[in-house]
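>>> task: produce atomic coordinates for the following.
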Amino acid sequence: MSVPYETAAREPRRSPETAEEHLARLLGRALNSFELPDETIRRLDCALAYDGSLHSALHSAGLHRETYRHTWLLADGSALTLWELVHNTAPGAEPQHEVYVDEEELRTATGRLPLPPDTPDLELTALAQLSCVPVTRQTYTAKDSADHARRLLRRAENADRPGADIAALLATASGHRITQAFGRPCRTGRAGLCFSLYEHAFLLRDGGELSLWEVEHTATPDGRHMCEVYETEDAARDAMERRAAQVQ
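Residues are numbered from 1 along each chain as shown. A predicted model of the protein is given here:
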């Protein structure tokens, strides 16, 4: 006599995750999801299907970083991709998630991550020197440039950040690019300051150019990352020197 299957004890098969559910999970775990352009979120509201894949991975000395490509098929037949960066800040630490709208921003964010603690001092010195070498400029990215300017100014914490006149001028930006002008590698497990300087260059509607200079540093009482934005490179570098002097 055959014995019937004990179907009550078997877990029900989980339905595939919908595009909407996956987007909600991605945005829910990303620390910087509030920085995504409003237009991007509106477009994703009509997503029909979703696909994701591992783009790259690096694991060393207890530190790890992975990047994932998340692509949605939209109702108008186009596709939209978000890039997720997953990393830990120290060996054994919980992973942190960040999300970006293009690979350029992803590369910039990845470049800010700390190096493995076993990186030789000589290599750290070489990296610090190389980070000061001017980088060949890239062509402008003609995508969400005005929104990029808005998000840059919104995260600036310095009182003397660019004002409403600059914000109004950049509201019509038709292109932008990001170049790292200076960076001091952070080494996990060692006391020290981390400074990075980025030029955000914008192509204006009349064909002119305007650059803002972003300083990221950990010269804060609790060691957290802080963002400051200035209208000139000299002002940004002066700010870096002041911040470094305050903690010495």
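>>> going forward, measure contacts and count neighbours with C-alpha atoms only.
Will do.
>>> now do stretch 206-213: distance to the chain's middle.
Shown here is stretch 206-213, whose average C-alpha point lies 22 Å from the average C-alpha point of the whole chain (Cα atoms, centre = their mean, to the nearest Å).
>>> can you check stretch 45-56 too?
Offset of stretch 45-56 from its chain centre (Cα atoms, centre = their mean): 19 Å.
>>> and for it, what's in contact with it?
By Cα atoms under 8 Å, 6 or more residues apart in numbering, the list of residues contacting stretch 45-56 from outside reads 18-20, 22, 66-75.
>>> tell me which strands the helix or strand where His70 lies pairs with, and in which orientation.
Remark: His70 resides in strand 63-74, with elements defined by DSSP states H and E. Looking at strand 63-74 with DSSP bridges, its partner strands are strand 47-60 (antiparallel), strand 79-87 (antiparallel).
>>> so which of those is nearest Thr218?
Nearest to Thr218 among those is strand 79-87 (18.2 Å), distances taken as Cα to Cα.
>>> list of residues touching that closest one?
The contact list for strand 79-87 (Cα under 8 Å, 6+ apart) reads 44, 63-74, 95-103, 106, 110.
>>> in ChimeraX, select just the buried ones from those.
Of those, the buried ones go into a single ChimeraX selection, burial set by 16 or more other Cα atoms under 10 Å:
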select :44,63,64,65,66,67,68,69,70,71,72,73,74,97,98,99,100,101,106,110
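>>> quick check: next helix or strand after the helix-or-strand element of the chain with minimal mean pLDDT?
Within the chain, no helix or strand scores below helix 121-130, which has a mean of 37 by mean pLDDT, DSSP states H and E. Under the assignment DSSP H and E, the closest C-terminal helix or strand after helix 121-130 is helix 145-155.
>>> same for that following helix, what does it pack against?
Using 3 or more Cα pairs under 8 Å, 6 or more residues apart in numbering; DSSP states H and E as the contact criterion, the neighbours of helix 145-155 among helices and strands are helix 164-170, strand 175-183, strand 226-230.
>>> quick one: the spatially closest residue to Leu73 that is not a sequence neighbour from Leu44, how far?
What sits nearest to Leu73 in space, not counting adjacent residues and going by Cα to Cα, 6 or more residues apart in numbering, is Ala79, at 4.7 Å. Computed as Cα to Cα, to the nearest Å, the Ala79 to Leu44 distance reads 10 Å.
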